[in-house]
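*Asks:* no sequence on hand, only this structure:
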């Protein structure tokens, strides 16, 4: 291992512990939402932490089972007939991802606009808050890890949120409030911030267990005793019985290959989005080799499939928890994977005493840091060309899902890009034009067919008997359609008695000199 892994060992161990506490209920919840064995989510989390952590180029990204794949996984298991056959698709998907890494498909991440990435981060923060409030109230009908707006019950996120108000468990609410106060104090109180090896999330978990056990001992109605309100890890016996191995004889099944391609594409896109977002959040502004990341994800998915785990991606929730908790190197990711492995095998009975309300408080703070009001104000002040794509992405991701929401945000960004391109293709100002003045149109470095209509309209507004210069001295490319518009205008200028000067037009544009004495074409074309 690289010696840099140990450069922030205290902070990384502390951060890895927090990520473990965040990842534990999500691994279980995503497995449950996917219709897969509970332990398959834990296997994916362990491999995402240890294996992908070792092979990944990202210092802060944390991988594991992803909420965005739950619908695909559930439908695939039903379509293929068994989880064992589905595992073959996971193995093949990993192989495809490794291939994508070698053909440098990771370069696609460079084309995600910053406003869309920031919108995705803020949206995930809002989703976390909306999804965790019911758990903080003790209303745990929605699985941890279900991040879809339309839930499995048929209700939407807001229905569950409103419904939870009528089913508040006072003990769970008290634990949530105390936990949030502890987490805020751990961030704000100076002497507490210096205790780096004791993260606030661990204090929250210990305090919540002690409080709940006190409530139980006193026979108080505040006690959280229902299993649905507590972490619910399977026992060692259940783990052994629930372990699944791939049915390799299904390798030649065409349906398996279709599922594999689908998982590889969706998981790769989610990973690239999350890596871009994680790099954006990185306080040290490091860049991840996305091609190497695709290979690491592929290796992780191959191993996960062989051991009976779910497919994985890089995950923003865990990665942002890592960053906010002081993680700096890959050691935090690897340590969280080791903790998942050790704790579920050695102390599941202790973990099963943790109220979900306490973990909801930890996630609420993660969500707030992703979607705090200052993020929206920053984008608002950046102008409408950044704020509107950002806001559309937020609404779409919250209201639909991550991939579709990002696609909508990307589409809006492209529209604004085209709009801006129309404006910067040339500069022209005739507002203060007086008779006898020289009008100048300066073309940009590149002029595409998208600028045809605007240039055509501008040329049609040139007054008769005026002097006009069309300057292409800085232009390297003019689309053929725009060339035709300028050629037509050269002829029309004669009839309107416009004194025209063309500067910098290259000979291969074939814009010929007019025979009119009133047209002054530059003789030495560039």
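*Replies:* Structure received. The shown structure was predicted, so the numbers you read here are calculated from the model rather than taken from an experiment. Residues are numbered from 1 along each chain as shown.
*Asks:* which stretches in the protein count as strands?
*Replies:* With strands called from DSSP state E, the chain shows them at 62-65, 312-315, 426-427, 438-443, 446-447, 467-471, 477-478, 499-503.
*Asks:* rebuild the ones you listed as JSON lines, extending it with mean pLDDT, mean neighbour count and distance to residue 7.
*Replies:* (Each C-beta comes from the backbone N, C-alpha and C, glycine too.) Compiled in JSON lines, the strands of the chain are given as follows (pLDDT from 0 to 100; neighbours: other C-beta atoms under 10 Å; distance: least, C-beta to C-beta, whole Å):
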{"stretch": "strand 62-65", "mean pLDDT": "96", "mean neighbour count": "34", "distance to residue 7": "18"}
{"stretch": "strand 312-315", "mean pLDDT": "96", "mean neighbour count": "30", "distance to residue 7": "22"}
{"stretch": "strand 426-427", "mean pLDDT": "60", "mean neighbour count": "16", "distance to residue 7": "51"}
{"stretch": "strand 438-443", "mean pLDDT": "86", "mean neighbour count": "18", "distance to residue 7": "52"}
{"stretch": "strand 446-447", "mean pLDDT": "82", "mean neighbour count": "19", "distance to residue 7": "45"}
{"stretch": "strand 467-471", "mean pLDDT": "88", "mean neighbour count": "19", "distance to residue 7": "55"}
{"stretch": "strand 477-478", "mean pLDDT": "86", "mean neighbour count": "18", "distance to residue 7": "48"}
{"stretch": "strand 499-503", "mean pLDDT": "87", "mean neighbour count": "19", "distance to residue 7": "58"}
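*Asks:* closest to residue 376 out of those?
*Replies:* strand 312-315 (23.4 Å; C-beta to C-beta).
*Asks:* tell me what that closest one is packed against?
*Replies:* Contacts defined by 3 or more C-beta pairs under 8 Å, 6 or more residues apart in numbering; DSSP states H and E place strand 312-315 against helix 38-55, strand 62-65, helix 254-281, helix 290-307.
*Asks:* please name the strands paired to it in the sheet, noting orientation.
*Replies:* strand 62-65 (antiparallel) (DSSP bridges).
*Asks:* what's near enough to touch residue 190?
*Replies:* Counting by C-beta atoms under 8 Å, 6 or more residues apart in numbering, residue 190 touches no other residue.
*Asks:* hmm, I typed the wrong one, I wanted residue 376.
*Replies:* Applying C-beta under 8 Å, 6+ apart to residue 376 gives the contacts residue 122.
*Asks:* quick check: the gap between it and residue 370.
*Replies:* 12 Å (C-beta to C-beta, to the nearest Å).
*Asks:* please apply the same query to residue 329.
*Replies:* On the measure of C-beta to C-beta, residue 329 and residue 370 end up 22 Å apart.
*Asks:* more crowded one of these two?
*Replies:* Comparing residue 329 with residue 370 by other C-beta atoms under 10 Å, the one with more neighbours is residue 370, at 26 against 21.
*Asks:* please name the nearest non-neighbouring residue to the more buried one.
*Replies:* Among residues not flanking residue 370 along the chain, residue 125 sits closest, at 2.9 Å (C-beta to C-beta, 6 or more residues apart in numbering).
*Asks:* check residue 171 too.
*Replies:* That would be residue 222: by C-beta to C-beta, 6+ apart, it lies 3.4 Å from residue 171.
*Asks:* with residue 69 instead?
*Replies:* Residue 69 sits nearest to residue 311 (C-beta to C-beta, 6+ apart), 5.7 Å away.
*Asks:* and for the one you found, the neighbour number?
*Replies:* Count around residue 311 with other C-beta under 10 Å applied: 32.
*Asks:* surely it is in contact with residue 64?
*Replies:* No: the pair residue 311 / residue 64 is not scored as a contact, 10.3 Å apart, by C-beta atoms under 8 Å.
*Asks:* what residues are shared contacts of those two?
*Replies:* Common neighbours of residue 311 and residue 64 (C-beta under 8 Å, 6+ apart) are residue 44.
*Asks:* shared neighbours, residue 376 and residue 370?
*Replies:* Common neighbours of residue 376 and residue 370 (C-beta under 8 Å, 6+ apart) are residue 122.
*Asks:* out of the helices and strands packed on strand 312-315, nearest to residue 234?
*Replies:* helix 38-55 (5.3 Å).
*Asks:* so that closest one versus helix 254-281, what angle?
*Replies:* 60 degrees (axes from the mean of the first three to the mean of the last three C-alpha atoms, to 10 degrees).
*Asks:* what mean pLDDT does helix 38-55 get?
*Replies:* Averaging pLDDT along helix 38-55 gives 95.
*Asks:* if I take it and helix 290-307, what angle do their directions form?
*Replies:* Using the same axes, to 10 degrees, helix 38-55 lies at 140 degrees relative to helix 290-307.
*Asks:* show me what helix 38-55 is packed against.
*Replies:* Partner elements for helix 38-55 (3+ C-beta pairs under 8 Å, 6+ apart): helix 9-34, strand 62-65, helix 236-242, helix 290-307, strand 312-315, helix 331-346.
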